[in-house]
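**Q** dropping the sequence and predicted coords here.
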Amino acid sequence: MSTRFIGTSPNRVGGFGRVTGLQEYVADIRLPDVLEAKLVTLDCARARIVSIDKSVAEKVPGVRLVMTAADLPKPMPRFGPQLEDRPVLAVGETKYHGDPVAIVAAETKDSAEEAARLVRVEFEELPAVFTVAAALDPNAPLVQDPSLRPKDPLASTNVLREHRVGWGDVDAAHADCVVENAYSFPMVTHFAIEPHAFMAAPEGDGIAIWSSIQHPNWLQKIMSKLLELPLAKVRVYAPDPGGGFGGKQHTKYEPLVAFAALKVGRPVRLILTLDETFQAVRRAACEIRVRTGFSADGKLVFQDVKADYLIGAYCDIADRVVGKGSYPAAGPYNVPAVRILARSILSHTTPSTAFRGFGNPQVNWAVESNIDEGARALGIDRLEIRLRNLARKGDAFIPFDTPSDGNWDQAVRRAAELIGWDKPLGPGRGRGIAVGIKSGPTTGLSYSTVRLLADGSVVVFAGTSDMGQGARTVFAQIAAEELGAPLDAITIVMGDTAIVPYDQQTSASRSTVLMGNSVLMACRSIQSQIRAMAARLDGLDESKITVERGVVRLPDRELTILEVLKPGLGKLGGELIGNGEARKDAEPDHPLGGAPAFFEFNCTAIEAEVDHGTGDVTIVRHVTVSDVGKALNPLQVRMQDEGAAIQGLGHTLMEHYIFDDSGRIRNLGAIDYRIPTSMDLPLEMLSETIENGDGPGPYGSKGMSEGALLCVSAAVAAAVRDATGIAIRDLPLTPERVWRALQEPVEQAGIGRNAR
Amino acid sequence: MSDTGNTLPIEITVNGRRRALEVAVHHTLLDVLRDDLELTGTKECCLVGECGACTVMVNGRIVDSCLMLAVEADGAEIVTVEGLARDGQLSPLQQAFLDKGAAQCGFCTPGQLIAAQALLAGNPHPSVDEVQEGLAGNLCRCGCYFQITEAVLAVAEGEHR
């Protein structure tokens, strides 16, 4: 079957707005009469709120509202995607640095900022926990009120939940070599260049909410419940987010802004500063202990993984991150015995949430690094040990789950080839290779509507959020392919819950597969209507006609869809409407609530050079090979792959939160928290795909936007180890950390110590 | 600092159009562009001159508009992303950004374009290193740095003229 649009890289749909400045992000939308809001926060993490005096703030000219917990319904409304534990405003006690105690709304930003400074909060700083060790101390203060989870035996601890997965008998397994090490992964933040922005406006007998959000329908559900309004009375506008990376999945300050707007009877908007986004979203830090057993020939005998994820003060989606992220911790290998214990540990810090990779990069870093240690202890090549254990297509490498759905060894061999695994290395250089796996979506529900208009142009309604991944372009390509319309005659409508059908969420690299299938189904529904039309026009039986990829085949000739549509619609014109639905139902007995629709598989290989004088790590070559099934848009696939890889270099080499004793983030903002710039790139980046058309999405595609981030840390650290002989088990590998490690050869004793 | 704060009159030329306005003395050029002139193509992110999202051209040189007071721009010639296209025709750089896929979420794109425009004005045939160094002050969290570099080089090589 010839394809005209699939597998090509047309210019991004929505690209024109992006290069001209016309693209409207939430902060660019100006409603007449809008009030500017500012949060009031305290200069410490945990504090008892003694009193709040808003009298001075209220006198600032232009101030229309100063709202505290006392102005909100009692008991304080709470919300959250997993647990309803997050208050609209802190009540009684703040739980982390940045937890708002009040909001000010004023005619101008200046007035709001001035008034926010003048809200006088009397507070008493309380003992708090910012690390795993402190949170687990038997005398630690509790982050969460135990009454929020009655009947839970863990309620009187800071452990929110424990997730246990395993098979085989780890304790009985006989290993010739056991390697045990502890690893740590830092707290990092999403740093979308668009800071989160929220706006709410009373609209008739309901409310309209604007948010740079990935899951507009989930927000709608939460707001409907909080405000006791029917879903139809909560209209969520979700303009394309300026980067999301998971940080914009879930409801944050929309409820607060909505209550403020309803109270004052005018639109209110809250545009966070970048610093405030650090206090709003982050990735969970993690401490991981891995014990890996090998046979003498390098076969994995067991994996025993204990991962303590330091989540924040409210759950958000963090516990799901822990459960789902740790579940495939044993990696894409056939391992006969596995025991994984992952814990979600509450702390008085920014609530952690989804972040590209969703809990997998943390455990991957530890487990893949430990496999390197095993290979070294056994004298087996680090590439070879992976190939020896890698699951082959169809292997139930996680028993009773979706079997391996790709030719993963192909990706590994290609990455090894591209990095030149067997080639001699220059002085001061080393290589590392690692593999990563992530479970795709475990449930899903994506509706779409496609309208074929009388002139053959097409409108697609699809509730995905296009935050840069290019969903609009891919859906347009599918519609063009199936309906034979040129790309520039296709409009994609997203981001308005009043007119776009329900979509569960934009996450887990799902949209090409789930919404893509939905759009495909809607197009196929139109194709069948065209088929009926053609049959009617020609007086033929429908069985004599096929419609595929924009072409109508009659027994004696081929027509375009438009050639059938025009006479078919007749003088009145009109349109054809197709609906699509892609559904992946929950499986209650599955540990994750459903088997993954696909796996994201990636192999990353790194050649690095270490400067012994400064500890600086230069990535000489970064190879990433992802199994994508089919690249519907090769350029966008490459950009997602490279983007994930570069983001992975961020937490590997430079990014981490630094706290002081009061739990304040000391490196808030862009000066003291560095993300990769154009000067921090690998000298050479090679991104390739494996395409066997074996995915569940349209034309055999799989989701792929996270894979290249999963194993960056392990591959880079392995290259540093190869170059220097130094194993570093804490991230990030900052120049200081690497330099210090180089100065302390004592550290070296640790490498072999655990290997028996 | 409130509504009753001091203001001063300024005259600036933005994208070829002369504008006379009264601005608060503490407002940045970014504030004035976005809030007073409603030119929202220029983006606000870090507010400390590190991310480059608010990059504009002032008298031919690039400036983080979050760091420059509007009153300092009095009399200046300013170019923002809205001023790059002429008569509905994209500039060669804008077209190259589209063709090479140099914009993903797009939030950093206006700043990247302005910085790249200035870079090429000063160095019409830059090397890869020069492009990367020239744009080092413009963060892209989507990570399409390679595509951005490609787009700039394509324009330099005349691919988009």
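**A** Received, thanks. Residues are numbered from 1 along each chain as shown, chains lettered A, B, ... in the order given.
**Q** quick check: phi and psi on B:Gly16?
**A** Per-residue torsions, B:Gly16: phi 90, psi 0 (degrees, to the nearest 10).
**Q** contacting residues around the residue nearest to A:His196 when sequence neighbours are not counted?
**A** Counting by C-beta to C-beta, 6 or more residues apart in numbering or on different chains, A:Leu272 is the residue found nearest to A:His196 once chain neighbours are left out, at 4.8 Å. C-betas here are computed from N, CA, C, even on glycine. Listed by C-beta atoms under 8 Å, 6 or more residues apart in numbering or on different chains, the contact partners of A:Leu272 are A:Pro195, A:His196, A:Ala197, A:Tyr253, A:Ala280.
**Q** do a quick rundown of the strands in chain B.
**A** B:7-14, B:17-24, B:55-58, B:61-64, B:77-79 (DSSP state E).
**Q** nearest to A:Ala479, of the ones you listed?
**A** strand B:55-58 (36.0 Å; C-beta to C-beta).
**Q** buried residues, the helix or strand containing A:Arg531. List them.
**A** A:Arg531 is part of helix A:514-538, with elements assigned from DSSP states H and E. Across helix A:514-538, burial judged by 16 or more other C-beta atoms under 10 Å in any protein chain shown covers A:514-527, A:529-531, A:533-535, A:538.
**Q** equivalent analysis for stretch B:25-45, please.
**A** By 16+ other C-beta under 10 Å, the buried positions in stretch B:25-45 come out as B:27-35, B:37, B:39-45.
**Q** filter those down to the ones near chain A?
**A** For chain A, the contacts drawn from the buried residues of stretch B:25-45 by C-beta under 8 Å from any C-beta of the partner chain are B:Asp31, B:Asp35, B:Leu39, B:Thr40, B:Gly41, B:Thr42, B:Lys43, B:Glu44, B:Cys45.
**Q** return the member of those residues nearest to chain A.
**A** B:Gly41 (2.0 Å; C-beta to the nearest C-beta).
**Q** for the closest one, which non-adjacent residue is spatially closest?
**A** In space, B:Gly41 is closest to A:Gly21, 2.0 Å off (C-beta to C-beta, 6+ apart).
**Q** now the one you found: how far from B:Gln104?
**A** For A:Gly21, the distance to B:Gln104 equals 16 Å [C-beta to C-beta, to the nearest Å].
**Q** quick one on the thing from earlier: got the ones next to chain A among the buried residues of stretch B:25-45 as CSV, with pLDDT columns?
**A** Converted to CSV, these look like this (pLDDT from 0 to 100):
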residue, pLDDT
B:Asp31, 98
B:Asp35, 97
B:Leu39, 98
B:Thr40, 98
B:Gly41, 98
B:Thr42, 98
B:Lys43, 98
B:Glu44, 98
B:Cys45, 98
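**Q** quick one: which of the residues you listed sit in helices?
**A** Applying DSSP state H to those, the entries found in helices are B:Asp31.
**Q** find the residue at the geometric middle of chain B.
**A** Residue closest to the average C-alpha location in chain B (C-alpha atoms, centre = their mean): B:Val56, at 3.1 Å.
**Q** show me the contacts for that residue.
**A** Going by C-beta under 8 Å, 6+ apart, B:Val56 touches B:Leu29, B:Leu33, B:Thr42, B:Ile62, B:Val63, B:Ser65, B:Ile78, B:Val79, B:Thr80, B:Ile114.
**Q** among those residues, which pair sits farthest apart?
**A** Longest span within the contacts of B:Val56, C-beta to C-beta: B:Leu33 and B:Ile62, 14.2 Å.
**Q** before we move on, back to that, between A:Gly21 and B:Gln104, which is the more surrounded one?
**A** The neighbour count for A:Gly21 versus B:Gln104, taken as other C-beta atoms under 10 Å in any protein chain shown, is higher for B:Gln104 (28 against 25).
**Q** I'd like to know how far that one sits from A:Ala342.
**A** B:Gln104 is 32 Å from A:Ala342, by C-beta to C-beta.
**Q** returning to what we had before: could you list which of the buried residues of helix A:514-538 also contact chain B?
**A** Among the buried residues of helix A:514-538, no residue lies close to chain B (C-beta under 8 Å from any C-beta).
**Q** now do the helices in chain B.
**A** For chain B, the helices defined by DSSP H occupy B:29-31, B:92-100, B:109-122, B:128-134, B:145-156.
**Q** who touches the first one?
**A** This points to helix B:29-31. The contact list for helix B:29-31, computed with C-beta under 8 Å, 6+ apart, reads A:109, B:24, B:42, B:44, B:54, B:56, B:58, B:63, B:65-66, B:68-70, B:72-73, B:78.
**Q** for the nearest residue to B:Ala121 once chain neighbours are set aside, which residues are in contact?
**A** Once flanking residues are discounted, B:Ala121 sits nearest to B:Gly60: 7.1 Å by C-beta to C-beta, 6+ apart. B:Gly60 sits next to B:Glu77, B:Ala118, B:Ala121 when contact means C-beta under 8 Å, 6+ apart.
**Q** tell me the one among the residues you listed nearest to A:Ile499.
**A** Ranked by distance to A:Ile499 (C-beta to C-beta), those are led by B:Ala118 at 41.2 Å.
**Q** how much space between the closest one and A:Ile385?
**A** 50 Å.
**Q** just the pLDDT at the residue nearest to the centre of chain B, thanks.
**A** Note on B:Val56: pLDDT of 98.
**Q** distance of it from chain A?
**A** Distance of B:Val56 to chain A, computed by C-beta to the nearest C-beta, to the nearest Å: 11 Å.
**Q** ok, B:Leu90 next?
**A** To chain A, B:Leu90 is 7 Å away according to C-beta to the nearest C-beta.
**Q** counting neighbours, what do you get for that residue?
**A** B:Leu90: 17 surrounding residues under other C-beta under 10 Å.
**Q** that one contacts A:Val19, doesn't it?
**A** Yes. Using C-beta atoms under 8 Å, B:Leu90 is in contact with A:Val19, at 6.7 Å.
**Q** anything in contact with each of these two?
**A** Jointly contacting B:Leu90 and A:Val19 under the rule C-beta under 8 Å, 6+ apart are B:Leu98.
**Q** for the host helix or strand of A:Arg161, buried residues please.
**A** Following DSSP H and E, the helix or strand that holds A:Arg161 is strand A:159-167. Buried residues in strand A:159-167, counted by 16+ other C-beta under 10 Å: A:Val159, A:Leu160, A:Arg161, A:His163, A:Val165, A:Gly166.
**Q** go on, stretch A:95-106?
**A** For stretch A:95-106, by 16+ other C-beta under 10 Å, it's A:Lys95, A:Tyr96, A:His97, A:Gly98, A:Asp99, A:Pro100, A:Val101, A:Ala102, A:Ile103, A:Val104, A:Ala105, A:Ala106.
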